[in-house]
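**Q** Next comes the sequence, and after it the predicted model I'd like to discuss.
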Amino acid sequence: MDLGLADRTVLVTGGSSGVGLATVRALLDEGARVATCGRDGERLAKAAARLGAGPDRLFTATCDVRDGDAVRRFTDAAAAHFGGPVDGLVNNAGQSRMKRLDDTTAEDWRDELELKFTGVLNPLAAARRYLRASDAASVVNVNAVLAKQPETRLITTSAARAGILNLSKSLAHELAAEGIRVNSVCLGLIDTGQWTRRHAAADSGLGYEDWQAELAADRGIALGRLGRADEVAYAVVALLSPRASYITGTSIDVCGGVGRGIL
Ligand SMILES: NC(=O)c1ccc[n+]([C@@H]2O[C@H](COP(=O)([O-])OP(=O)(O)OC[C@H]3O[C@@H](n4cnc5c(N)ncnc54)[C@H](OP(=O)(O)O)[C@@H]3O)[C@@H](O)[C@H]2O)c1
């Protein structure tokens, strides 16, 4: 099926690694023009080299999504680079915070809430006028099943994620009149840099594969393994597609069946 993304312009935050990088790759494969950012310019340059797309297809710039002015500069530069409207925005940049209630400082709470909310609101504010100019504008917020199934070991991230899921619903209603759809993908455990870093920090004596298998069993993942970034990218790209024109205000879980909740 032709997803109708050829020559569409899509912004992806945090495209130098993991889910963001896989999403950029999937969009390039669909013939889209992609602009992406991250904080570490070297990491971004390495990712761009691996993607192998020319400047007519791929635009990169360093930018921290918490900095509204920097996000505006990135967005304006990307829009000017490609010309025309922006058809898609993927709010992906971020990370989670492994903390329980009693290890969490007031600063941790502030930082986590700031990252999660500015990570959606800054790119949206910057891209909104370009999205409005598209005939098929779509925003996808990369979220986590933690939004619906909180974990005490990730207490700040779970609470922030629930807020973002709630915000996504409001945005879908608020922006529908401007022709902008807003949806979420809620991730379970996806094998990216986040988990290789945790494996190294855990120092469990287990190899990465065995550690992952133990983790999957411990967390009750029905499919018995962590997901791959490209499996998330598939859902993101489907929601970005103009063919998803009647889908807004909803979320897709990409989680291998973790948990037993119905919603
Ligand atoms: N992997 C999972 O199991 C999982 C589960 C649930 C939700 N998620 C969410 O999915 C998203 C992608 O995660 P991932 O696993 O793919 O992580 P990852 O491999 O660590 O990649 C994160 C990307 O975001 C960028 N980034 C981080 N903070 C940023 C900031 N403040 N401003 C701009 N860019 C920033 C990183 O580049 P720089 O570091 O250079 O900035 C990198 O490109 C995150 O929002 C994460 O919380 C992941």
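**A** Arrived safely.
**Q** Now do stretch 244-256: distance to the chain's middle.
**A** Distance of stretch 244-256 from the chain centroid (C-alpha atoms, centre = their mean, to the nearest Å) equals 13 Å.
**Q** swap in stretch 93-100?
**A** Offset of stretch 93-100 from its chain centre (C-alpha atoms, centre = their mean): 14 Å.
**Q** quick check, that stretch touching the ligand?
**A** Yes. Counting by C-beta under 6 Å from any ligand atom, contacts between stretch 93-100 and the ligand involve 93-96. Glycine gets a C-beta too; all of them are placed from N, C-alpha and C.
**Q** What of stretch 200-213?
**A** No. Using C-beta under 6 Å from any ligand atom, stretch 200-213 stays clear of the ligand, coming no nearer than 11.2 Å.
**Q** buried stuff in that stretch?
**A** Residues of stretch 200-213 classed as buried by neighbour count (16 or more other C-beta atoms under 10 Å): 211-212.
**Q** mind listing what's buried in the least confident helix or strand in the chain by mean pLDDT?
**A** The weakest-scoring helix or strand in the chain, judged by mean pLDDT, DSSP states H and E, is helix 193-202 (a mean of 88). Using 16+ other C-beta under 10 Å as the test for burial, helix 193-202 gives 194-195, 199.
**Q** Likewise for stretch 135-155?
**A** Within stretch 135-155, the residues scored as buried using 16+ other C-beta under 10 Å are 136-149, 154-155.
**Q** got the residues of stretch 93-100 next to the ligand as CSV, with secondary structure columns?
**A** Converted to CSV, those look like this (DSSP: H, G, I helix; E, B strand; the rest coil):
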residue, secondary structure
93, coil
94, coil
95, coil
96, coil
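**Q** Could you rank those residues by neighbour count and give me the top one?
**A** With neighbours defined as other C-beta atoms under 10 Å, the most crowded of those is residue 93; it has 29 neighbours.
**Q** could you pull out the strands for the stretch 1-150 of the chain?
**A** Remark: strands assigned in the stretch 1-150 of the chain by DSSP state E, counting those that start in this stretch are 9-13, 33-38, 58-62, 88-91, 137-144.
**Q** quick check, the second one touching the ligand?
**A** I take that to be strand 33-38. Yes. Using C-beta under 6 Å from any ligand atom, strand 33-38 reaches the ligand at 37-38.
**Q** Listing partners with orientation, what would you give for that strand?
**A** Strand pairing for strand 33-38, determined by DSSP bridges: strand 9-13 (parallel), strand 58-62 (parallel).
**Q** orientation of the first one relative to strand 137-144 in degrees?
**A** It refers to strand 9-13. If you take axes from the mean of the first three to the mean of the last three C-alpha atoms, to 10 degrees, strand 9-13 sits at 20 degrees to strand 137-144.
**Q** now strand 9-13: mean pLDDT?
**A** The pLDDT scores in strand 9-13 average 99.
**Q** Out of the residues of stretch 93-100 next to the ligand, which comes closest to residue 259?
**A** residue 96 (16.4 Å; C-beta to C-beta).
**Q** Which residue comes closest to the closest one once chain neighbours are left out?
**A** Nearest residue to residue 96 in three dimensions, chain neighbours excluded: residue 157, at 4.3 Å (C-beta to C-beta, 6 or more residues apart in numbering).
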